[in-house]
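1. I would like to see how this sequence folds:
(one chain, ligands or ions: 2)
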Amino acid sequence: MISFPNAKINLGLNIVGKRADGYHNLETIFYPIPLEDILEIEVLDHTEKPFELSISGIPIEGNLANNLVVKAYLLLKEKYNLPPIHIYLHKNIPSGAGLGGGSSDAAFMLKLLNDTFELNLTTTELEEHAAKLGADCAFFIQNKPTFAEGIGNIFSSIELNLSGYQIFLIKPDVFISTAMAFSNIKPHQPELNLKEIIQKPIAQWHKWMANDFEESIFKEIPELGKIKEELYQAGAIYASMSGAGSSIYGIFKDNCTLIPNSNEGKYLLNL
Ligand SMILES: C[C@@](CO)(OP(=O)(O)O)[C@H](O)COP(=O)(O)OP(=O)(O)OC[C@H]1O[C@@H](n2ccc(N)nc2=O)[C@H](O)[C@@H]1O
Ligand SMILES: Nc1ncnc2c1ncn2[C@@H]1O[C@H](COP(=O)(O)OP(=O)(O)O)[C@@H](O)[C@H]1O
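-> Numbering: from 1, shown residues only. Ligands and ions are numbered 1, 2, ... in the order given. Here you go, the predicted model:
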């Protein structure tokens, strides 16, 4: 069975407080975008190994055994005694990009296992399992526009439809540490709640909606701020960094003339 885990962008990201455990409370909107990995599983009949994993496409750093698709499989195997499987993962979503690719792979793996082995897990049960694998992971179970708060793990669905718009996404070749990004932030309450901002015309969003990571990250890596500026100059009606970076996106009213090139980390997507 095959599935296509998609990426997300953050529309606005407010860091609203620091918690006693050192983590930060935030408010953001996760919006699914059609940039997709490919994930396939096949039952292995004659093997001693619990699983095999083949990965292709954009390289992922880190140990294969730490891959979130493996963690998702082992999580359900422990409870439901699943047979050995071969996992094929083709990465099209750049990692370390603020696009949630790893979390999406994990959530789609849970859904794939649920369907393939007829586990009859409910959406809520799938979300509970996903939450154990990463804060934003559960978002990809329902995979629809969502307002997130807490550490990015408390969800409420919102009405927002950007169909007909285009998004131009740029993943520059720079690394940003999420922990470092958080440590440079002074939490504050936004002037206007994100749920109210997205009711306004998109052309007004830039007046109200911000990604709180941008200020310090753009100071450290001016190239990123320049990319955002260039997206506005090219006609974007709203542009922002996604998550803790490093990708930057611009939303266009179906008139984007920028040239995509996935080898250079540039993507044009129809929403
Ligand atoms: C900020 C977001 C918003 O979408 O960025 P992206 O991952 O999408 O870029 C996410 O919540 C990122 O969550 P995630 O990427 O899972 O962060 P983790 O690896 O769990 O955390 C890395 C480090 O960031 C800090 N951290 C993370 C989440 C949070 N709410 N408060 C924090 O202070 C902690 O120091 C933690 O050790
Ligand atoms: N299937 C996967 N795809 C991408 N990254 C993965 C995966 N499994 C584990 N990771 C690890 O998760 C980290 C964050 O990846 P990802 O979720 O794609 O980025 P981001 O948190 O910036 O949205 C990567 O550096 C990688 O080491």
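2. And the helices in the stretch 101-250 of the chain, which stretches?
-> 101-116, 123-131, 139-142, 178-183, 194-197, 202-208, 214-220, 222-233 (DSSP state H, counting those that start in this stretch).
3. just checking, residue 194 touches residue 10?
-> No. Applying CB atoms under 8 Å as the test, residue 194 and residue 10 come out as separate, 10.0 Å apart. To be clear about C-beta, it is placed using only N, CA and C from the backbone, and glycine gets the same treatment.
4. Between the two, which contacts overlap?
-> 28, 29 (CB atoms under 8 Å, 6 or more residues apart in numbering).
5. With neighbour numbers in mind, choose between those two.
-> residue 10 (25 against 22; other CB atoms under 10 Å).
6. Pretty sure the more buried one sits in a helix.
-> No. Counting by DSSP: H, G, I helix; E, B strand; the rest coil, residue 10 is not part of a helix but strand.
7. Hmm, residue 28 and it touching each other?
-> Yes. Assessed by CB under 8 Å, residue 10 is found in contact with residue 28 at 4.8 Å.
8. Can you tell me which residues in the stretch 101-250 of the chain are near ligand 1?
-> Proximity of the stretch 101-250 of the chain to ligand 1, by CB under 6 Å from any ligand atom, involves residues 134, 135, 136, 151, 152, 178, 179, 182, 243, 244.
9. of those, closest to ligand 2?
-> For those, the minimum distance to ligand 2 (CB to the nearest ligand atom) is 5.7 Å, reached by residue 243.
10. show me the contacts for the closest one.
-> 9, 10, 13, 97, 98, 99, 100, 213 are the contacts of residue 243 under CB under 8 Å, 6+ apart.
11. May I have the phi/psi pair for it?
-> Dihedral angles of residue 243 (phi, psi; degrees, to the nearest 10) stand at phi 50, psi -140.
12. roughly how far apart are it and residue 157?
-> According to CB to CB, to the nearest Å, residue 243 stands 20 Å off from residue 157.
13. What parts of the stretch 101-250 of the chain come near ligand 2?
-> Counting by CB under 6 Å from any ligand atom, the stretch 101-250 of the chain sits next to ligand 2 at 101, 102, 103, 105, 243.
14. okay if I get the contacts of residue 243 as TSV plus pLDDT and distance to residue 72?
-> Formatted as TSV, the contacts of residue 243 follow (pLDDT from 0 to 100; distance: CB to CB, whole Å):
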residue	pLDDT	distance to residue 72
9	98	23
10	98	23
13	98	25
97	94	20
98	95	21
99	96	18
100	96	14
213	97	27
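15. Skipping adjacent residues, who's closest to residue 140 in space?
-> Of all residues not flanking residue 140 in the chain, residue 107 sits nearest, at 3.5 Å (CB to CB, 6 or more residues apart in numbering).
16. what number of residues lie near the one you found?
-> Neighbour count for residue 107, taken as other CB under 10 Å: 29.
17. Check it and give its pLDDT.
-> Residue 107 is assigned 98 on the pLDDT scale.
18. how about it, what does it touch?
-> Neighbouring residues of residue 107 by CB under 8 Å, 6+ apart: 5, 72, 126, 130, 133, 137, 138, 139, 140, 141, 143.
19. For the lowest-mean-pLDDT helix or strand in the chain, list every residue counted as buried.
-> Lowest by mean pLDDT, DSSP states H and E among the helices and strands of the chain is helix 178-183, with a mean of 89. By neighbour count on 16 or more other CB atoms under 10 Å, the buried set for helix 178-183 is 181, 182.
20. Looking at the stretch 101-250 of the chain, which residue is nearest ligand 1?
-> Going by CB to the nearest ligand atom, ligand 1 is nearest to residue 243 of the stretch 101-250 of the chain, at 2.4 Å.
21. and that residue, how far is that from residue 95?
-> 12 Å.
22. Closest one of the residues of the stretch 101-250 of the chain next to ligand 2 to residue 68?
-> Among those, residue 102 lies closest to residue 68 (CB to CB), at 4.7 Å.
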